[in-house]
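Q: How does the following fold in three dimensions:
(2 chains)
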Amino acid sequence: MERQAVNRAKEAFLSGRTRPLEFRLQQLHALQRMITEKETEICTSLKQDINRSQYDTPLLELIGIENEISLAIEKLTQWAAPRQVDRNILTVSDEVYVQPEPLGVVLIIGAWNYPWAVTLQPLVGAIAAGNAAVVKPSELSEYSSLLLRDLYPVVTGGVSETQELLRLRFDHIFYTGSSTVGKVVMEAAARHLTPVTLELGGKSPCYIDKNCDIRIACRRITWGKFVNCGQTCIAPDYILCEPCIQGRVVECIRQTLLEFYGADPKCSPDYGRIINQRHFSRIMSLMEGYTPVIGGQTDASQRYIAPTVLKDVPPHSRLMQEEIFGPLLPIVAVSDMDDAIRFVNEREKPLALYIFCSDKKATKKMIEETTSGGVTVNDVMMHYTLSSLPFGGVGQSGMGCYHGKHTFDQLSHQRACLIRSLGMESVNLSRYPPQDRRRARRARMALKSPMIDLSKRTFVWAVIYLDTILSTPTTYNIILSQVS
Amino acid sequence: SFVHMSREQLIVQRARKSFQTGKTKPLEFRVHQLKNLLRFITEKRRNIADAVKKDLGKSEHGTELFETLGLEGEINLAIENLMEWAAPRPVEKNLLTISDEVYIQPEPLGLVLIIGAWNYPWAVTLQPLVGAIAAGNAAIIKPSEVSSYSAKAMEELLPLYLDKDLYPVVTGGVLETQELLKQKFDHIFYTGSSAVGRLVMEAASHHLTPVTLELGGKSPCYIDKNCDITVACRRITWGKFVNCGQTCIAPDYILCEPSIQSTVVEEIRKCIKEFYTDNPKSFEDYGRIINQRHFKRIMALMDGSTVALGGDSDESQCYIEPTVLKDVTSESKVMREEIFGPLLPIITVSGVDEAIQFINEREKPLVVYVFSHEKKLIKRVIAETSSGALLANDCLVHFTVSALPFGGVGNSGMGCYHGRHTFDQLSHLRSCLIKQLKMEGVNSMRYPPHTAKKMSWARFFLLKQVNMGRLRRTVLLAMLAGLAAFAVQVTSVPNSPNKSYIRQLNWR
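A: Below you'll find the predicted structure:
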């Protein structure tokens, strides 16, 4: 079944259908229509999967997808056009450019936490770049994947279907999910020399400087942490702050939670649930042995975990070993910003780093002395929303990036094109054997000026003109030997 | 207790420790190392040329032209442009980020493993190193053991110029490479065969290490019957027999119509004589096959094909005469693998249609060569085939245009380099968004409790990318005013939960 889907996609690609820009635009328009016309159904499916509020789905997923589609439609001609490059002295009269080309068949493996965004956003780029795509939504977001199957050709299924797919050959694999499975995907891709984009995870640290506006910082952090019930790859995983502000941080979060979800978040239509029993148990076990200062209530029948905050969490606790991906917010004490920097650097490179600080200099220092996929300062997650910023990880948090034009570029082959003429053969003389000192020196002069400036340009034109007029290699030799 | 670490583990650990001190961050340090690398190439020119002569039989001028000249160019380019390349790169903002700092910051990845190849042992090992240094990484350099003299020279001489801990040279064979590949790197840059490329990527997957693979393939060369065949054959002959055919981007085989096959053969014969004299064996500028194994491999490829030119060989010297094979078919032995030697098969096709079909039936090559006067035909080949690069009416020279990304696609590789591309390939381009803790009212759109009213505001402001550049000032101001009005409106709605909170805020 998987093989059939892939063969169909391959045939579609080889037929050449996806190459004309009109076809790609048509597909993108169709995708746009699908999102707008089926919004209600999509929201319902997410409510069933993860109890997401009907407002959060457009806010967090659909508006983003719509924007990506609009951008691709608007810019496609520009993105797909040949891209000029600088020449050097030997190629000054040639056509030199980079031509973006489709790769072929792209496999997109989606995740369950934002099943539409992380599956369809890569698809937008794949279509725009002229590829065929095989989409494999996550089986964990069951209702969403079934709905998607009704609307667009996809391959559904679980682990064994995915393994089957990974045995087949693709021209690119775009995977969103965990680092563990990311390794398996890359290993499978290695067998076919298939390039990969891996959007993985990690523990995204969130540092709160003691001198910033803690109230506003906590509002933003609270929103980012508990949206989608903490099941966001770029959610602030844990907080780092000095012990003297820990109490205030806790209080501000408490007040914000009250404002957002009311006294009993279980009754709030805006508060989500954990995706399934396995993850529910996993998150519960992370809390073992700790008494939260906020929340901690659970209801297994609903897979409900209250927004929970824990303070004075030791760095070596289980809570600090794996990505939480749930509504538990640990606060780890650090002595100052340098200590926080050390803490972050001792761990795997995260997908995002958050810094709350009013001191520009200190902020720049922290950015310079750490690394992560992306950084947002004084807010959380917002770097995701700007399509001009490449979104992706580094190290264990992933490789490659996307959003906006970056998706198009990631799923294209940037083919170097150099079109010379069969004339002016005399210019090539210096490179042919027999090599001797004069020729090597001439070639040296020519190859050493990669960036051509106006004076050199004029000189070369003079030489070429003279050469064509006089058309004797000897004259050319004389002129250039004058230069060397 | 003493934990036994392998030599490779120790070297990697030392390099990583040295990287973690932050030495490579300042641009001055990187430029200093690059300048030393440049000095190395100029001061040790003789040693490098000697090593390459012993490895590949290449003349001193050949080495200069094909190995060190390009390297010097790359180093100078990096030194000249490093500040620009390493600087923050501002990007286009949207309405909600209009007063924020938004940019991409290039950062070092950490520890880069560079595995070199034997055919241009200095160029393909040290050009990636230029980018690695420029990008602020540490690098383990593993030259190919097959070009043993060059590897030895690199091992002995490079530490005299570059930081020993940050850029160590590790020599060795298959076992040592396997041991290296078990370690964790932040990027692996490999040049070599597709078969080994798979193994490198597999090893990299265990640590989620990104890779650049510069591999190979059979680069086809189509000659249009109406072009200037004399000039075309000169350029092809040069491109093919340089380094005795052992070039990853050498034209592997020719595709042309039967009517011009004999002309092509004749023109190539003339060029070979002009370039390499009647006796290439005794001529300084004609190379040798790297070793016995490859010599035997290449000789065996000739089985079953008709020799139109050349064919002579001398195993004791690993010498193979420049050879052209004609009337070759896709089933011939010589068409089964990348030749990487001085055999040039000619396959006849009925025209460009069949040529395109022939090319597309095979793995995507590193280069497609087209020789034609007709722009339309060239553009058609570009549109209907795929390859790492396409070069029309010449061979090899796209390698020297550092602004062009050099790399493969499909079986011929992934990733690219040269010039700024190496820098970017070996950096992490980190997205940075610097906001302020003000204008909190605007954020109410996204906070629960959600209402239909807030949602409609969100749609208005978030939907449709606003192109800052094109937007007229008045329209922009109107939108900002709208945003501010929204923020005010939120606080003025009676009984709004946000309002009571903000009232509390004001009291503090």
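Q: Show me what counts as buried in stretch B:260-275.
A: B:I260, B:Q261, B:V264, B:V265, B:E267, B:I268, B:R269, B:C271, B:I272, B:F275 (16 or more other Cβ atoms under 10 Å in any protein chain shown). All C-beta atoms are positioned from the backbone trio N, CA, C, and that covers glycine.
Q: contacting residues around the second one?
A: When contacts are counted by Cβ atoms under 8 Å, 6 or more residues apart in numbering or on different chains, B:Q261 touches B:K326, B:D327, B:I346, B:T348.
Q: Which among the residues you listed count as buried?
A: By 16+ other Cβ under 10 Å, the contacts of B:Q261 give B:K326, B:I346, B:T348 as buried.
Q: hey, what's the first one bridged with?
A: Beta-bridge pairing of B:K326 under DSSP bridges involves B:T306.
Q: how much space between it and A:A132?
A: As for B:K326, its distance to A:A132 is 39 Å (criterion: Cβ to Cβ, to the nearest Å).
Q: mind showing which ranges of the chain have poor pLDDT?
A: You didn't pick a chain, so chain A it is. For chain A, the stretches flagged by pLDDT under 70 are A:90, A:435-484.
Q: meant chain B actually
A: For chain B, the stretches with pLDDT under 70 are B:1-3, B:464-477, B:484-508.
Q: 80 instead?
A: Within chain B, the segments meeting pLDDT under 80 span B:1-4, B:461-508.
Q: How about the residues of the stretch 101-250 of chain A by chain B?
A: A:101, A:103-104, A:171, A:179, A:182-183, A:186-187, A:189-191, A:193, A:195, A:198, A:200, A:212-213, A:215-217, A:219-220, A:223 (Cβ under 8 Å from any Cβ of the partner chain).
Q: ok, so of the buried residues of stretch B:260-275, who is nearest B:F399?
A: Closest approach between those and B:F399, by Cβ to Cβ: B:F275, at 19.3 Å.
Q: I figured the closest one was touching B:G62, is that so?
A: No: judged on Cβ atoms under 8 Å, B:F275 makes no contact with B:G62 at a distance of 11.8 Å.
Q: joint contacts of these two?
A: A:P433, B:D285.
Q: ok, the residue of the stretch 1-150 of chain A found nearest chain B to B:R459 distance?
A: As assessed by Cβ to the nearest Cβ, chain B sits closest to A:Y55 within the stretch 1-150 of chain A, at 3.5 Å. Distance, A:Y55 to B:R459, by Cβ to Cβ: 10 Å.
Q: So between those two, which is more surrounded?
A: Neighbour count, other Cβ atoms under 10 Å in any protein chain shown: between A:Y55 and B:R459, A:Y55 has more, with 20 against 16.
Q: Tell me how chain B divides into domains.
A: Listed by the TED database, the domain ranges of chain B are B:7-215+B:419-430, B:220-406.
Q: quick one, what contacts the closest residue to B:K454 other than its chain neighbours?
A: Of all residues not flanking B:K454 in the chain, B:M445 sits nearest, at 5.6 Å (Cβ to Cβ, 6 or more residues apart in numbering or on different chains). Residues in contact with B:M445 (Cβ under 8 Å, 6+ apart) are B:K454, B:W457, B:A458, B:F461, B:F486.
Q: Chain A: which of those is nearest?
A: Distance ranking of the contacts of B:M445 against chain A, using Cβ to the nearest Cβ, places B:A458 first at 5.9 Å.
Q: Count the residues that sit near the closest one.
A: By other Cβ under 10 Å, the residues close to B:A458 number 19.
Q: thought it was touching A:D56?
A: No: using Cβ under 8 Å, B:A458 makes no contact with A:D56, being 10.6 Å away.
Q: How about the contacts made by A:E368?
A: B:K25.
Q: Apologies, that question was intended for A:R19.
A: A:P102, A:G130, B:A383.
Q: What helix or strand is B:Y190 located in?
A: Element membership for B:Y190, per DSSP states H and E: strand B:187-191.
Q: cool, B:I141 as well?
A: Short version, using DSSP H and E: B:I141 is in strand B:138-142.
Q: For the stretch 1-150 of chain B, which residue gets nearest to chain A?
A: Closest approach between the stretch 1-150 of chain B and chain A, counting by Cβ to the nearest Cβ: B:H61, at 3.5 Å.
Q: where's that residue, which helix or strand?
A: Taking DSSP H and E as the criterion, B:H61 maps to helix B:60-63.
Q: Heading C-terminal from that helix, find the next helix or strand.
A: Next along from helix B:60-63, by DSSP H and E: helix B:69-86.
Q: Is that following helix positioned near chain A?
A: Yes: for helix B:69-86, a contact with chain A is found by Cβ under 8 Å from any Cβ, at B:L69, B:G70, B:E72, B:G73, B:N76, B:L77, B:E80.
Q: Would you mind giving the residues you listed as TSV with neighbour count added?
A: Output for the residues of helix B:69-86 next to chain A, formatted as TSV (neighbours: other Cβ atoms under 10 Å in any protein chain shown):
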residue	neighbour count
B:L69	20
B:G70	23
B:E72	19
B:G73	22
B:N76	18
B:L77	23
B:E80	13
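Q: Just the closest of those residues to A:Q231, please.
A: Minimum distance to A:Q231 across the residues of helix B:69-86 next to chain A is 46.2 Å, recorded for B:L77 (Cβ to Cβ).
Q: you'd agree that closest one is up against B:S402?
A: Yes: with contact defined as Cβ under 8 Å, B:L77 reaches B:S402; the gap is 5.9 Å.
Q: still on that earlier bit, now, among the residues of helix B:69-86 next to chain A, which is nearest to A:K47?
A: For those, the nearest to A:K47 is B:L77 (56.0 Å; Cβ to Cβ).
Q: Okay, and which of the buried residues of stretch B:260-275 map to helices?
A: When helices are assigned by DSSP state H, the members of the buried residues of stretch B:260-275 inside them are B:I260, B:Q261, B:V264, B:V265, B:E267, B:I268, B:R269, B:C271, B:I272, B:F275.
Q: And for the first one, nearest residue in space, chain neighbours not counted?
A: What it means is B:I260. The shortest distance from B:I260 to any non-neighbouring residue, by Cβ to Cβ, 6+ apart, is to B:K225 (4.8 Å).
Q: same thing with B:A308?
A: Nearest non-adjacent residue to B:A308 (Cβ to Cβ, 6+ apart): B:K326, at 4.1 Å.
Q: How much space separates the one you found from B:I229?
A: Taking Cβ to Cβ, one finds B:K326 at 15 Å from B:I229.
Q: next one: B:I298
A: Counting by Cβ to Cβ, the gap from B:I298 to B:I229 is 26 Å.
Q: what's the answer for A:Y55, then?
A: 70 Å.
Q: Just confirm B:R269 contacts B:E321, I think it does.
A: No: if you go by Cβ under 8 Å, B:R269 and B:E321 don't touch, sitting 11.7 Å apart.
Q: How about the residues of the stretch 1-150 of chain B by chain A?
A: Within the stretch 1-150 of chain B, the positions near chain A by Cβ under 8 Å from any Cβ are B:22, B:25, B:59, B:61-62, B:64-65, B:69-70, B:72-73, B:76-77, B:80, B:91-94, B:96-97, B:102, B:104-105, B:107, B:109-110.
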